[in-house]
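K.L.:
Give me a model of this one.
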Amino acid sequence: MPFASTLLSCLQPCLNGIVRLGRVLVTLAMLVGAGQTLAQTGDLRTESQSESISVTIDTETRDPTGPRQLRAPELNNGTSLDSRARRSATGRDIDIEERLELERAVRRAQPPSEFELYVNRLAFPGQEFNTDSSLRIRRLGADAMMATGRERDIVDFSPLVPPDYLVSPGDEIAISVWGSVDADLRLFVDRSGRITIPRVGAVMVSGVRYGDLPELLRQRISQNYRNFQLSVSLGQLRGVRVFVTGFVTRPGAYTVNALSGMAQALVRAGGPSASGSFRDIQLRRQGKLVSKLDFYDLLLFGNRNADLQVQADDVIHVGPIGPQVGVIGSVNQTAIFELKPGETVVDAMRMAGGFSAVADTSRLVLERVDERSTVRVVQVEMNAAAQTPLRSGDVLRAFNAVSLATPSQRQNKRVRVEGEVARPGYYLLPPESTVADALRAAGGLTTGAFVFGTDFTRESVRRSQQENYDRALRSLETEIALSSSTQRITSADEAAAQAGRAAATARLIEKLRAIKPTGRVVLQMPPDSRELPNLMLEDGDRLFVPPVPTSVGVFGSVFNAGSYLREDGRTLSDYLRQAGGPTRGADAGSTFVLRANGTVISNLQESGWGSGLRSSFETLPALPGDTLFVPEELDKTTFVQWAKDWTQILAQFALGVAALVTLTN
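P.N.:
Numbering: from 1, shown residues only. As a prediction, this is how the structure comes out:
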């Protein structure tokens, strides 16, 4: 026990020191935590506190002999404080950005009016339009008002300020001074119309023209300093609250900058509604009519004389829409226009930009709503358009002068002649010219011309062939679809086979759709003819006279497809034997020959038994440029498949006979 007490008394000072050290560490930890909390919250200042902060003079860190520096306080995060709104260092307004995002989210395009639907149905009779449709013809100015682009929503806080702008409370003034004193200040005009410059004092600037502001501040600062340079500009302008009322999309109070005009405030409100006027927009100030804006002057002529700058508590009132007319057809701008009293057809055409380059400028068609039960449509000659008044609901239509077919017999013919002629080229011929006239204009045929193989193409024939070809493809596609949908399927193998056939059919249809007709006209004439049929020419005809071919082609399911040198006196069978004859999988009975003039002679045209070549077809003489084609047999069946099918048929027949005999007994 004495030893233990002695040891405890020796260790007691050490234990007391350890306890005191622990207390010190705990205290330091608490101080560090409090310091971190203060560091996190130390930069947060209320807006009211920021308003009371004035600019300070930086005199501690600068050379006393150098120029003094006036600086504005900054927050620790490098963001300057605005007394009216929180703005980042890039100048973007956080509160305004949030508000604009909300406006863009709730903004919707105006539903079309009944008259807009009526005009679009007249202009595009093959289409259906309703209140949810995207119309191709709208009121003039509707697109400018309903656009929701970001550049229209963002308020311009740094517009170009004119020299006659009057500084008022709420404006921000940026001052830069260098020389004997350095200053970079951004000061707001207070409610009394003053700004306070450090070491200079308060300066009354309210009501001063922006062009006179630099001289005023130079005189005031020169009372305290010498040998300095000054630069003054306006920063963020004061906000002006205006009221937009009447027939407008989103009536209410809006805040715009002090340089905004009536048009800018109207755009912020979404513009006139479907029942609002673009031509009766009033600016009222303290109960008095100050200006009346016709928005068409701005849209059509760029005239902003009536677009006055707004002031605080101004009222922009949009009146009801006036008479409306539609202008459609071959004009430079198809739209619906609002009329003022006394405006005529000439005024409507002027607003539409006049006729297009391909329009019939001699007349217009006027359709009146109140005459639909009688004549409905009247023709307006352009020489009387200035005396023709318009009514609400009228629709003017301008015709296209080049879309209608004109009499062919009264037009000159532009043709193309090439090949074995003396002077190939394009020729312009009189209205009643023929193929012989075209050949004469080209200098006639050469000695090596192969008249039987002449390729004569015509644009009208090509269009007709294309229409018929598309119609045949649609019929084929419909027939195949009906056949596939009505076919009964009894097993998975049949379903897979049908799916494969459907895919192959779709690929075939796509390949057939890619084929385009050429518009060739087959000329009926003997092989040794030296004259072409005397056909009447059409505009755009093409005449190609080839040289005499020296070969005959054999293609398809033959052993050696190719072109073979033609010799007089040889028949089609001779060239077929030269190609090795039909292969085992060939459909020899469907062999055909394509002549140089475009005619086709098929083996199936000859009557006879069996599936091989007919003697009359084999003995046909081979002509220059002939192409002999032997197709492949498509529906091939092996002997095993044939025997299997017939075995099933006979078995079913036997079962039926046995059942019939049993029932008879």
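
K.L.:
C-alpha only now, for contacts and for neighbours.
P.N.:
OK.

K.L.:
Any figure for the gap between residue 398 and residue 514?
P.N.:
According to CA to CA, to the nearest Å, residue 398 stands 37 Å off from residue 514.

K.L.:
right, I mislabeled it, should have said residue 139
P.N.:
Separation of residue 139 from residue 514 (CA to CA): 42 Å.

K.L.:
Neighbour count for the two, which is higher?
P.N.:
The neighbour count for residue 139 versus residue 514, taken as other CA atoms under 10 Å, is higher for residue 139 (20 against 8).

K.L.:
Could you check how far that one is from residue 586?
P.N.:
As for residue 139, its distance to residue 586 is 68 Å (criterion: CA to CA).

K.L.:
repeat for residue 350
P.N.:
72 Å.

K.L.:
between those two, which one's more packed in?
P.N.:
Ranked by neighbour count (other CA under 10 Å), residue 350 and residue 586 place residue 586 first, with 19 against 13.

K.L.:
Look up how far residue 558 lies from that one.
P.N.:
Here the distance between residue 586 and residue 558 works out to 8 Å (CA to CA).

K.L.:
ok, residues contacting stretch 413-433?
P.N.:
Taking contacts as CA atoms under 8 Å, 6 or more residues apart in numbering, the residues outside stretch 413-433 that touch it are 408-412, 438-439, 441-446, 448-449, 536-547.

K.L.:
which among those end up buried?
P.N.:
Among the contacts of stretch 413-433, those that count as buried by neighbour count (16 or more other CA atoms under 10 Å) are 412, 438-439, 441-442, 444-445, 449, 537-539, 541-547.

K.L.:
Now, the contacts of stretch 413-433 that are in strands?
P.N.:
Among those, DSSP state E puts 542-545 in strands.

K.L.:
Would you format these as TSV with distance to residue 113 included?
P.N.:
Written out in TSV, the entries for these read as follows (distance: CA to CA, whole Å):
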residue	distance to residue 113
542	52
543	55
544	58
545	61
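
K.L.:
Residue 279 against residue 296, yeah?
P.N.:
Yes: with contact defined as CA atoms under 8 Å, residue 279 and residue 296 form a contacting pair (6.6 Å).

K.L.:
Same drill for those two, tell me which one is more crowded.
P.N.:
Shown here are residue 279 and residue 296; by other CA under 10 Å, residue 279 has more neighbours (21 against 17).

K.L.:
What strand or helix carries the more buried one?
P.N.:
For residue 279, the host element (DSSP states H and E) is strand 276-285.

K.L.:
contacting residues around that strand?
P.N.:
141, 246-248, 262, 272, 289-296, 313-322, 338.

K.L.:
same deal with stretch 288-305?
P.N.:
Applying CA under 8 Å, 6+ apart, the contact partners of stretch 288-305 are 141, 263, 278-284, 306-308, 351.

K.L.:
Is it possible to get a markdown table of those that adds pLDDT?
P.N.:
Rendered in a markdown table, the data for the contacts of stretch 288-305 read as follows (pLDDT from 0 to 100):
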| residue | pLDDT |
| --- | --- |
| 141 | 85 |
| 263 | 89 |
| 278 | 93 |
| 279 | 93 |
| 280 | 93 |
| 281 | 94 |
| 282 | 94 |
| 283 | 95 |
| 284 | 95 |
| 306 | 90 |
| 307 | 89 |
| 308 | 90 |
| 351 | 93 |
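
K.L.:
Quickly name whichever of those residues is closest to residue 645.
P.N.:
Closest to residue 645 out of the contacts of stretch 288-305 is residue 141 (75.5 Å), distances taken as CA to CA.

K.L.:
Next, give phi and psi for residue 382.
P.N.:
Dihedral angles of residue 382 (phi, psi; degrees, to the nearest 10) stand at phi -70, psi -30.

K.L.:
hmm, I was thinking of residue 653
P.N.:
Here residue 653 shows phi and psi, under degrees, to the nearest 10, equal to phi -70, psi -40.

K.L.:
how many neighbours does it have?
P.N.:
As a measure of burial, residue 653 has 12 neighbours, counting by other CA under 10 Å.

K.L.:
Find me the pLDDT at it, would you?
P.N.:
The predicted local distance difference test score for residue 653 is 76.

K.L.:
Kindly report the same for residue 519.
P.N.:
Looking at residue 519, its pLDDT is 93.

K.L.:
Which secondary structure elements does the strand or helix carrying residue 463 sit against?
P.N.:
Secondary structure assigned from DSSP H and E places residue 463 in helix 459-486. The elements that helix 459-486 packs onto, with contact taken as 3 or more CA pairs under 8 Å, 6 or more residues apart in numbering; DSSP states H and E, are helix 492-514, strand 520-521.

K.L.:
got a list of contacts for the first one?
P.N.:
Residues outside helix 492-514 that contact it (CA under 8 Å, 6+ apart): 470, 473, 477, 484, 489.
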